[in-house]
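[1] Okay, structure incoming, though there's no sequence with it:
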Ligand code: ASP
């Protein structure tokens, strides 16, 4: 049997040890562990990598702690605009949604775009029409209200600042979520979900729903989910760049991921990180920020739930 494994992230950023209370730290770790275990259980039971990454991301979206689903940040007009994507490394099928609201689990809508439409990427009103056609429940705005996120928004609303929240306030961070997995058959998949940037406007979309930038999976090489300053991750075509280095330069998963996060993306001043898995179940989780909420579990017995360097 193939070594199977899963890795998840809950965003990267200025996460310095001692900044959070031990209780808060435990809360984050507990939420990560819950998502990790749920995804891993699917793999143990012979489920596919696609199912495992969707399940892990659904659980992270349901937590108010992360900037995705329930805990999504506020836009300049005090609304939520969420983005998500998923990719199946076996078939290269992919689905993505952008600028959606009221959907509890954007990653599942992305999966439905992949499975139930002829398209890859649906955005805004059209994506919402698609959701309604599939009888998705539309949640009230109050479902997505989180005081911490609202306070973050209050601080910069009415300014032109729509930078990623960590560059505005020293102690904040990215909170996008993602998962990558390799199943018992050696198939891999990746999923990513985000509320984007606090105070974003003009229909701004980051890397998270963009296949090749924030999310990518190909059984030939690797499955990747990114978090960080989306504009730079788009310009660096980060997720696909890791796959290219493996395919064309014969780099290992770790070498390729490190090259992109510590060298290539830093050269254009991009900060953030990624989680990666290959078809042998190897895992890499590099980041160039102070910390990244992350966790991984493999059938070889290794398990980690980490925040700091
Ligand atoms: N990459 C996301 C975006 O730019 C933000 C994040 O990772 O938290 O929308």
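    Looks like it arrived, so ask away. Only a predicted model underlies this, so the values are computations on that prediction, with no experimental measurement involved.
[2] Only C-alpha atoms from now on, for both contacts and neighbour counts.
    Fine.
[3] Unless I misread the structure, residue 275 falls within a helix.
    No: Residue 275 is assigned strand when assessed by DSSP: H, G, I helix; E, B strand; the rest coil, not a helix.
[4] Which pLDDT does the model give it?
    We have a pLDDT of 98 for residue 275.
[5] before we move on, what about residue 155?
    83.
[6] from memory residue 156 sits against residue 199, does it?
    Yes: in this structure residue 156 lies within contact range of residue 199 using C-alpha atoms under 8 Å: 7.1 Å.
[7] May I ask which helix or strand encompasses residue 43?
    Here residue 43 is covered by helix 22-44, with elements defined by DSSP states H and E.
[8] contacting residues around that helix?
    Helix 22-44 is contacted from outside by 4-10, 48-49, 51-57, 59-60, 63, 65, 183-184, 293-297, 305-307, using C-alpha atoms under 8 Å, 6 or more residues apart in numbering.
[9] Buried ones in stretch 261-268, by neighbour count?
    Across stretch 261-268, burial judged by 16 or more other C-alpha atoms under 10 Å covers 261, 262, 265, 266.
[10] Which residues does it contact?
    Contacts for stretch 261-268 (C-alpha under 8 Å, 6+ apart): 232, 233, 236, 238, 271, 272, 273, 274, 286, 287, 288.
[11] Check stretch 124-132 too.
    By C-alpha under 8 Å, 6+ apart, the list of residues contacting stretch 124-132 from outside reads 97, 98, 99, 100, 101, 109.
[12] try 6 Å
    Stretch 124-132 has contacts (C-alpha atoms under 6 Å, 6 or more residues apart in numbering) with 99, 100.
[13] looking at this protein, which helix or strand does the model trust least?
    Least confident helix or strand, the chain: helix 165-168 with a mean of 42, by mean pLDDT, DSSP states H and E.
[14] Residue 212: which of the contacts of stretch 261-268 is nearest?
    Of all the contacts of stretch 261-268, residue 212 sits closest to residue 238, with 6.9 Å by C-alpha to C-alpha.
[15] Quick one: neighbours of the closest one, just the number.
    Around residue 238 there are 29 other residues, counting by other C-alpha atoms under 10 Å.
[16] before we move on, what about residue 192?
    Neighbour tally, residue 192, other C-alpha under 10 Å: 37.
[17] same deal with residue 218?
    Neighbour tally, residue 218, other C-alpha under 10 Å: 23.
[18] Look up how far residue 178 lies from the nearest residue to it once chain neighbours are set aside.
    Computed as C-alpha to C-alpha, 6 or more residues apart in numbering, the closest residue to residue 218 that is not its neighbour in sequence is residue 89, at 3.8 Å. As judged by C-alpha to C-alpha, to the nearest Å, residue 89 and residue 178 stand 15 Å apart.
[19] where does whatever residue of the stretch 1-150 of the chain ends up closest to the ligand land in three-state SS?
    Taking C-alpha to the nearest ligand atom, the ligand has its nearest neighbour within the stretch 1-150 of the chain at residue 11, 5.5 Å off. Taking three-state DSSP as the rule, one finds residue 11 in the strand state.
[20] check contacts around it.
    So residue 11 contacts 174, 175, 176, 177, 227, 292, 293 (C-alpha under 6 Å, 6+ apart).
[21] Kindly report the same for residue 273.
    226, 227, 286, 287.
[22] ok so residue 293 is a strand residue?
    Yes: assessed with three-state DSSP, residue 293 lies in a strand.
[23] Number the residues from 10 up from this point.
    Sure thing, new numbering starts at 10, so read that last one as residue 302.
[24] Find the nearest non-adjacent residue to the residue of the stretch 10-159 of the chain closest to the ligand, please.
    Excluding the flanking residues, the one nearest residue 20 by C-alpha to C-alpha, 6+ apart is residue 184, at 4.0 Å.
[25] Does that neighbour fall in a helix, a strand, or a coil region?
    On the basis of three-state DSSP, residue 184 is classed as coil.
[26] one step back: turn the contacts of residue 20 into TSV, including pLDDT, distance to residue 225 and neighbour count.
    Supplementary listing: the contacts of residue 20 in TSV, determined by pLDDT from 0 to 100; distance: C-alpha to C-alpha, whole Å; neighbours: other C-alpha atoms under 10 Å:
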residue	pLDDT	distance to residue 225	neighbour count
183	73	20	28
184	84	19	28
185	94	16	31
186	97	14	33
236	96	13	31
301	95	19	30
302	96	20	23
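[27] now those residues as CSV including distance to residue 123?
    Shown next, in CSV, are the contacts of residue 20 (distance: C-alpha to C-alpha, whole Å):
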residue, distance to residue 123
183, 26
184, 24
185, 21
186, 19
236, 22
301, 29
302, 27
